[in-house]
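Visitor: here is my input; please provide its structure:
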Amino acid sequence: MKIKHYYKFGIFFAAFFIPFLPFRYVALIQLLSFVLYFFEKIRNEEKFIFNKLDYAVGAFYLFLVLSTIFSETFNLSIVLLLYYTAGITMYWIISREFDKTDFIIMGLLFLASSMLVSIVGIKQYITGDLGHVSWLDAKANPNIKARAYSVFNNPNVLGEYLLVVLVINLALVVTSKKFLRGFLLLIPLGINVLTLLLTFSRGAWGGFALAVILFIIVFDKRWLPLLGVFGILVLFVLPDVFLDRILTIFISSGDSSTGYRFYIWTGAKNILKDYWIFGTGLGYGSFSKVYSLYRMGEIYAAHSHNIFLEILLETGIFGIVSFVYMIIKSFVLGVQTIINSDDLFHRVIIITGVASLSGLFLHGLVENTLFDVRIVTLIWILLGFIMFQKKVETA
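Guide: Have a look, this model is predicted:
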């Protein structure tokens, strides 16, 4: 498979190295790649044509800029704005310039990288590495002896990353035209599912379950009964430690993390009385600084543990409205394309974006999935998938 345009290198670079390198290097290479893309379009006298989602993306970006200008920690916010900008350029290139070959290359790079990530996470679990003491209430979860967090330094962030990679992996499996290739692709799928389990991240588990269900419904709903039977069988073979963790989603276990979140949400809502227009500023730095003045009791927090509340706090009322509009608009446009497209691979790429984002946002109800800029970048990549234009070539 031949890479036709060098300006795609930044995205391929990110697909493999995003878990391992400081993000400033990933962002720098992507921004340089976009500059090359920009000048190539000018040299070829090609017009920059906006799609139906670009205006919503532009509106959200405008409020990111405003929240940076009015930020309580301007220096930190301006750096994060550059990282957001790098992610948006990925969205732009993927939605316009990617074809089937590019998607396969990027997907395989994600899988290769994720297996290295998972090996580190599995080793942590085997060696009994519990990580940070705040990640687990030992009294409420006495059977959990360790949590995988790998290079992401947080099991919830690792779970979010694996959620996205697993859906990409699933897309490559169902579109594989050769049995052996599809079978081999099940290997990283199995390794990454195991690692996702070992994160013990209930939000990531729920998000992945939703993503798979949506993927199957849109791809071929005839597989749903088989998925249901498989899910029931899994419950019978899963070790008790996983089942106990699943049950805490529905049954109160006295886990302090739940009460901790309610305290944070109460303190966060108090901030809105004074920062509802442009927010505290982009990023957790400004949130942490302001939250220390509004916190409940001695509860400290770097973020609000809810993606929608966090965006409201950081960017204000106009920021959250533009964000929600952007996401709804992308889903509507994606579903319309799925209905109208007669190309399987085209539809699967869009399904991958919609299903993965839905899973991330479900997790985002109890976790700020924008806390780690690497996950923010994955969100822009997934939006690129949803707006993917049909440029199908033989792989």
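Visitor: dihedrals phi and psi, S114?
Guide: Backbone geometry at S114, expressed as degrees, to the nearest 10, gives phi -70, psi -30.
Visitor: actually K177, sorry about that
Guide: phi -90, psi -10.
Visitor: same question, the one 4 residues further on
Guide: For R181, the backbone dihedrals are phi -60, psi -50 (criterion: degrees, to the nearest 10).
Visitor: give me the neighbour count for it.
Guide: If you count neighbours by other C-beta atoms under 10 Å, R181 ends up with 12. Every residue, glycine included, has its C-beta placed from N, CA and C.
Visitor: tell me the confidence at it?
Guide: We note a pLDDT of 87 for R181 in this prediction.
Visitor: list the contacts for F60?
Guide: By C-beta atoms under 8 Å, 6 or more residues apart in numbering, F60 lies in contact with G319, S322, F323, M326.
Visitor: mind listing what's buried in the helix or strand of the chain with the lowest mean pLDDT?
Guide: The weakest-scoring helix or strand in the chain, judged by mean pLDDT, DSSP states H and E, is helix 256-275 (a mean of 73). Neighbour-count burial for helix 256-275, counted by 16 or more other C-beta atoms under 10 Å, picks out S257, R261, I264, W265, G267, A268, N270, I271, L272, Y275.
Visitor: on contacts alone, who are the packing partners of it?
Guide: helix 284-294, helix 307-340 (3 or more C-beta pairs under 8 Å, 6 or more residues apart in numbering; DSSP states H and E).
Visitor: okay, now the unreliable bits of this structure?
Guide: Applying pLDDT under 70 to the chain flags residues 1-4, 130-142, 249-260, 295-302, 390-395.
Visitor: and L21, how many residues sit next to it?
Guide: By other C-beta under 10 Å, neighbour count at L21 equals 15.
Visitor: next, format the helices and strands packed on helix 256-275 as CSV and append mean neighbour count and distance to V35.
Guide: Shown next, in CSV, are the helices and strands packed on helix 256-275 (neighbours: other C-beta atoms under 10 Å; distance: least, C-beta to C-beta, whole Å):
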stretch, mean neighbour count, distance to V35
helix 284-294, 19, 27
helix 307-340, 19, 25
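Visitor: and of those, who's closest to F236?
Guide: Nearest to F236, of all the helices and strands packed on helix 256-275, is helix 307-340, at 33.7 Å by C-beta to C-beta.
Visitor: what's the first helix or strand after that closest one?
Guide: Next along the chain after helix 307-340, taking DSSP states H and E as the criterion, comes helix 344-363.
Visitor: report the buried residues of stretch 40-51.
Guide: Buried residues in stretch 40-51, counting neighbours by 16+ other C-beta under 10 Å, are absent.
Visitor: return the distance of that stretch from the chain's centre.
Guide: 29 Å (C-alpha atoms, centre = their mean, to the nearest Å).
Visitor: now stretch 345-363
Guide: Counting by C-alpha atoms, centre = their mean, stretch 345-363 comes out at 10 Å from the chain centroid.
Visitor: who does the helix or strand hosting L189 touch, helix- and strand-wise?
Guide: Secondary-structure assignment from DSSP H and E places L189 in helix 179-199. Using 3+ C-beta pairs under 8 Å, 6+ apart as the contact test, the elements touching helix 179-199 are helix 100-126, helix 155-174, helix 202-220.
Visitor: picking up where we left off before, pipe the helices and strands packed on helix 256-275 into JSON lines and attach distance to Y61 per row.
Guide: What follows is these, written out as JSON lines (distance: least, C-beta to C-beta, whole Å):
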{"stretch": "helix 284-294", "distance to Y61": "18"}
{"stretch": "helix 307-340", "distance to Y61": "9"}
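Visitor: what's the burial count for G364?
Guide: Neighbours of G364 (other C-beta under 10 Å): 24.
Visitor: can you pull the contacts of it?
Guide: By C-beta under 8 Å, 6+ apart, the contact list for G364 reads N306, I307, F308, L370.
Visitor: how about TSV for those residues, with distance to L163 added?
Guide: Formatted as TSV, the contacts of G364 follow (distance: C-beta to C-beta, whole Å):
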residue	distance to L163
N306	17
I307	14
F308	18
L370	15
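Visitor: if you compare the helices and strands packed on helix 179-199, which one is most tucked away?
Guide: The highest average neighbour count among those, using mean count of other C-beta atoms under 10 Å, belongs to helix 155-174 at a mean of 26.
Visitor: remind me what that one packs against, helices and strands.
Guide: Partner elements for helix 155-174 (3+ C-beta pairs under 8 Å, 6+ apart): helix 100-126, helix 179-199, helix 202-220, helix 344-363, helix 373-386.
Visitor: circling back to that earlier point, I'd like to check the angle between the helix holding L189 and helix 100-126, please.
Guide: Per axes from the mean of the first three to the mean of the last three C-alpha atoms, to 10 degrees, the angle that helix 179-199 makes with helix 100-126 is 40 degrees.
Visitor: what's the distance between helix 179-199 and the middle of its chain?
Guide: 19 Å.
Visitor: and for stretch 321-330?
Guide: With C-alpha atoms, centre = their mean, you get 16 Å for stretch 321-330.
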